[in-house]
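# Pasted the sequence and its predicted model underneath.
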Amino acid sequence: MQLAQATKSVLSQVEFVIEQIREDDYTKPVDVFNHSTIGQHFRHTLEFFQCLMEGYEKGVISYDKRKHDKRIEEDKILALKLIEETNRFIDSCNFDKPLVMEVNYELSDGGDIMVNTNMAREITYNIEHAIHHMAIIKIGLNVICPYVELPYGFGVAVSTLRYNTTESDA
């Protein structure tokens, strides 16, 4: 499966789940999330894709400097629009494009590290990051949204799905 297809597959699963969640459940604090919300986890996940889109043109990506846009965590329609925008971007980007990722592991400003990367590597990272958060989101859905139907493999790495299939065949 190509990276564009894999990205769209993950985003399609996210979209399918967001469409089903009642608005009040999207923004309801979840005890097992230390009182954060399902919407906050979706916002966090989608903002990484947004950082990639915004940094693509200038060639520098910083996931650390994302906006933490509360509107995405409170408005399902806005989250769904961001998914649509990301899908359009994926169709038009160059996966071979060299990029630089800016990261800072210090509590203060000024400790920026510049890491050479490329679009393919960053979209791969975003896919894995999304799946990781989908696994966390699934926990919250089980607690407050048991009515939500989860697509096959939601929050499970494809390598794990593949492994589980071969183990069950053995």
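Thanks, I have the structure now.
# From Glu73, how far off is Asn57?
You called it Asn, but residue 57 is Glu. Glu57 sits 26 Å away from Glu73, taking Cβ to Cβ, to the nearest Å as the criterion. Backbone N, C-alpha and C define where each C-beta goes, glycine included.
# Counting neighbours around each, name which of the two comes out higher.
The neighbour comparison of Glu57 against Glu73 (other Cβ atoms under 10 Å) goes to Glu73, with 23 against 9.
# Reduced to three states, what does that one come out as?
Reduced to three states with DSSP: H, G, I helix; E, B strand; the rest coil, the structure at Glu73 is helix.
# mind checking how far it is from Glu106?
From Glu73 over to Glu106 the distance is 27 Å, taken as Cβ to Cβ.
# Arg43 now?
Between Arg43 and Glu106 the distance, using Cβ to Cβ, works out to 25 Å.
# cool, and Arg88?
Summarising the geometry, the distance separating Arg88 from Glu106, computed by Cβ to Cβ, is 36 Å.
# now swap in Ile72 and tell me
Using Cβ to Cβ, Ile72 is found at 27 Å from Glu106.
# For the two, indicate the residue with more neighbours.
Neighbours were tallied for Ile72 and for Glu106 using other Cβ under 10 Å; the higher tally belongs to Ile72 (22 against 9).
# how distant is the lowest-mean-pLDDT helix or strand in the chain from the center of its chain?
The helix or strand of the chain with the lowest confidence, counting by mean pLDDT, DSSP states H and E, is helix 158-169 at a mean of 82. Computed by Cα atoms, centre = their mean, to the nearest Å, the separation of helix 158-169 from the middle of its chain amounts to 23 Å.
# List the contacts of that helix.
Defining contact as Cβ atoms under 8 Å, 6 or more residues apart in numbering, one finds that helix 158-169 is touched by Ala6, Gly153.
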